[in-house]
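Participant: requesting a structural model of the entry that follows:
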Amino acid sequence: MNRKRRRLLLAAVDPMLEPGEQVEVTAIVGLSSVTVRRTAAMAAASAILSGGAMAVIPTPTPMYLAMTDRRIFIFRANPTFARPEEHLMTIPRTGLVRSKIKERVLNSSFVISSMDREQGLKIIFPLISRKERNEISAALPLAD
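Facilitator: Reported below is the predicted structural model:
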């Protein structure tokens with residue numbers, strides 16, 4: 001994440017911080033709950049409907065992630081400008097675990113979940129965010 005994006009994200013997070021809470025990591029990520037099967041079905045359907053002229057593949061909306069020593073903040077990123085657009089969620093870090101990292105050619109991902117919830121959140125890191133991915137994954141324990 002470049003300095004301008006980081007500065008704007010920190011300005012958005014700052015009013016939400018509790019006394020003594022500090023931001024440890026910031027990153028541009030994708031969040032996804034779309035399965036590979038649904039993605040393949042959508043690409044096939046759009047190719048058939050367009051007579052093979054095009055195939056549509058959904059991509060995750062870029063998000064800003066800021067992780068503090070206590071919480072994880074997620075903001076929707078403005079696609080045109082560098083600023084965070086909307087605060088989407090705040091996740092307490094206590095009780096969070098993560099899955100193993102899945103490496104791909106252009107990105108990597110893992111799922112964070114809480115012991116008391118069945119559903120997890122898949123966080124997708126672009127290739128250039130490997131350092132941030134490693135910092136976040138090191139801070140969260142691996143699920144059993």
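Participant: what does stretch 64-75 contact?
Facilitator: The contact list for stretch 64-75, computed with Cβ atoms under 8 Å, 6 or more residues apart in numbering, reads 5, 9-10, 12-13, 16-18, 21-29, 31, 63, 76-77, 84-94, 96, 112, 123, 136, 139. Yep, even glycine has a C-beta here, placed from its N, CA and C like the rest.
Participant: now the buried members of the residues you listed.
Facilitator: 5, 9, 12-13, 17, 23, 25-29, 31, 63, 77, 84, 91, 96, 112, 123, 136 (16 or more other Cβ atoms under 10 Å).
Participant: out of those residues, which are inside strands?
Facilitator: Using DSSP state E, the subset of these located in strands is 23, 25-29, 31, 63, 77, 84, 91, 96, 112, 123.
Participant: for residue 50, state which of those residues is nearest.
Facilitator: Nearest to residue 50 among those: residue 31, at 28.0 Å, using Cβ to Cβ.
Participant: grab the nearest non-local neighbour of the closest one.
Facilitator: Once flanking residues are discounted, residue 31 sits nearest to residue 63: 5.5 Å by Cβ to Cβ, 6 or more residues apart in numbering.
Participant: the one you found contacts residue 26, correct?
Facilitator: No - counting by Cβ atoms under 8 Å, residue 63 sits too far from residue 26 to count as a contact (11.3 Å).
Participant: shared neighbours of the two, anything?
Facilitator: By Cβ under 8 Å, 6+ apart, no residue touches both residue 63 and residue 26.
Participant: thank you kindly, that will do.
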